[in-house]
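>>> Predicted coordinates and the sequence they were generated for:
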Amino acid sequence: MFIRFRSMPATAMAAVLGCALMTTATPAAAQKKEKPKKQEVAKGKQLAPSKGFAPALKKMTDASAAKDAATLQAALTEGQASATAPDDKYLVGFYQLQLGVLNKDQTLQAQGLDVMVDSGLTPAENIGVYNFYSGNFAYGAKNYPKAIQRLEAAKAAGSTEAPLTLMLVDSYLNAGQLDQGLAAAKAAIETSRSAGQRPSDELYVRPIKALQAAKRNDEALDLMTLRMRDYNQPAVWRQTLFILLQQTSDKEIGLDVLRLMRATNAMTERPEYLEYAALATEAALPGEVVSLIKAGKASKAIPTPDAKLDEVLKSQSDRIGDEESTLTAYAAKPSTQSNPKVAGATGDAMVGYGRYADAVPLYKAALAAGGDKELWTYRLGVAQSYAGDAAGAKASFAQVAGSRKRLAQLWMTKIDAAAAPAAPAAAPAAPATGT
């Protein structure tokens, strides 16, 4: 009688496969697995090899224990010829796996695992780990349909291997099953967040890239917006807002996108400052233009000298004159309060000078006077956020529909992220942004 190799958990299987795992083309997380020091074998239900298979089995057992690959190969050839019973074939698969490890032959390792998994004799406690590593090899060989089959089986059997979800998502995406990959990614993201863990950035980035390739841009931005909850970093904001900027031809919305880019420290290149300065100049906001250019020079995004922007800085500084000192009185005039465009524009000027609390009643006046609900509700939320009224800002942003809804969602994400404990910094992967 032969003792079945019953308890071979993930750690033991990693030891059996050894260096093979390190060369399989799996996501980065899979390549960080620690290799345990020994294989664990526990007693379990006995296998009953056939009488004619017993001589070859002994040779395979002895050769494997001695790590004698040549002898094991000869014994395997003999065993494959004499294996007649299901238990015989299961054991042949096991020793194929051993020979594959000795020879660092991933193809042979994968074949051995397939024989074991497909035999129907795999112990219940091993189904998950066997399927995982079979799927791991299929993924490395770019056999994505097989990888999906094995990894789904591993997941169903309760495998807790860290790389499983990402490999499964990527397999779906590479197999052209975008919706399944997206659903698997979203489910994994929420599972991680529910457990108080930050999801892998790849669970966002890989589906985002696939959605972009499929020209499903709104869904890509949906996922990028969700990504901000976990990766509230300037580089990630930049990736998202740059795409949003590319998708709009509306100057007012473009200005609002650039404002959010500035608010999240995501402006890093001179062209963004140049476009922002041009739009704010056109909107008659000299205070905002001067503040913007000075900030760009302080961050070194704008070189010194810079003929174009230096000229804009001078002209807008001259234009300011006594505007800021007269704003308070102008804002209080009934004619300002009753005219929605004038009230809103005065609120914009206040924001440009950093007077956020003073801008709030002006935006409210613009709304009360029948102004553009989407525009002034959105900018009211921005002013409230800057003024430190997070609850008021979120209430305003929640009312925004239409073309600024995405921006409102991003502002709410920014507010929530600022209130959450800081997550460890990580270098974000980059979706296709055109930058």
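Here it is on my side, so go on.

>>> Could you tell me how far V257 is located from R406?
9 Å (C-beta to C-beta, to the nearest Å). To be clear about C-beta, it is placed using only N, CA and C from the backbone, and glycine gets the same treatment.

>>> now do Q177
27 Å.

>>> More neighbours: which of these two?
For Q177 versus R406, neighbours defined as other C-beta atoms under 10 Å are more numerous around R406 (21 against 17).

>>> So what touches the helix or strand hosting that one?
Applying DSSP states H and E as the criterion places R406 in helix 405-419. Contacts with helix 405-419, where a contact means C-beta atoms under 8 Å, 6 or more residues apart in numbering, come from 221, 225, 228-229, 232, 240-241, 244, 253, 256-257, 260, 263-264, 378, 381-382, 385, 390, 393-394, 397-398, 400.

>>> try 7 Å
Helix 405-419 is contacted by residues 221, 225, 228-229, 232, 244, 256-257, 260, 264, 378, 381-382, 385, 390, 393-394, 397, 400 when judged by C-beta atoms under 7 Å, 6 or more residues apart in numbering.

>>> Dump it to CSV, restricted to CA.
Provided in CSV are the C-alpha atoms of helix 405-419 (Å, rounded to 0.1, in the frame of the first residue of the first chain):
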residue,chain,number,x,y,z
LYS,A,405,-20.8,65.2,-12.5
ARG,A,406,-17.4,63.5,-12.9
LEU,A,407,-15.5,66.4,-11.5
ALA,A,408,-17.9,66.6,-8.6
GLN,A,409,-17.3,62.9,-7.9
LEU,A,410,-13.6,63.4,-8.0
TRP,A,411,-13.9,66.3,-5.5
MET,A,412,-15.8,64.1,-3.1
THR,A,413,-13.2,61.5,-3.4
LYS,A,414,-10.5,64.1,-2.7
ILE,A,415,-12.5,65.2,0.4
ASP,A,416,-12.9,61.6,1.7
ALA,A,417,-9.2,60.9,1.0
ALA,A,418,-8.1,63.9,3.0
ALA,A,419,-10.2,62.7,5.9
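
>>> so how far is that helix off the chain centroid?
Its chain's C-alpha centre and that of helix 405-419 lie 17 Å apart, by C-alpha atoms, centre = their mean, to the nearest Å.

>>> Check stretch 108-124 too.
For stretch 108-124, the distance to the chain centre is 33 Å (C-alpha atoms, centre = their mean).

>>> how about that stretch: buried residues?
108-117, 119, 121-122 (16 or more other C-beta atoms under 10 Å).

>>> Which of these sits closest to V312?
V312 has its nearest neighbour among the buried residues of stretch 108-124 in A110, at 63.2 Å by C-beta to C-beta.

>>> for that closest one, what are its contacts?
Residues counted as contacts of A110 (C-beta under 7 Å, 6+ apart) are S134, F137.

>>> After the helix or strand of the chain with the lowest mean pLDDT, which helix or strand is next?
Sorting the helices and strands of the chain by mean pLDDT, DSSP states H and E puts helix 20-23 at the bottom, at a mean of 31. Of the helices and strands lying after helix 20-23 in sequence (DSSP H and E), the nearest is strand 46-47.

>>> after that following strand, next one along is what?
Next element after strand 46-47 (DSSP H and E): helix 54-65.
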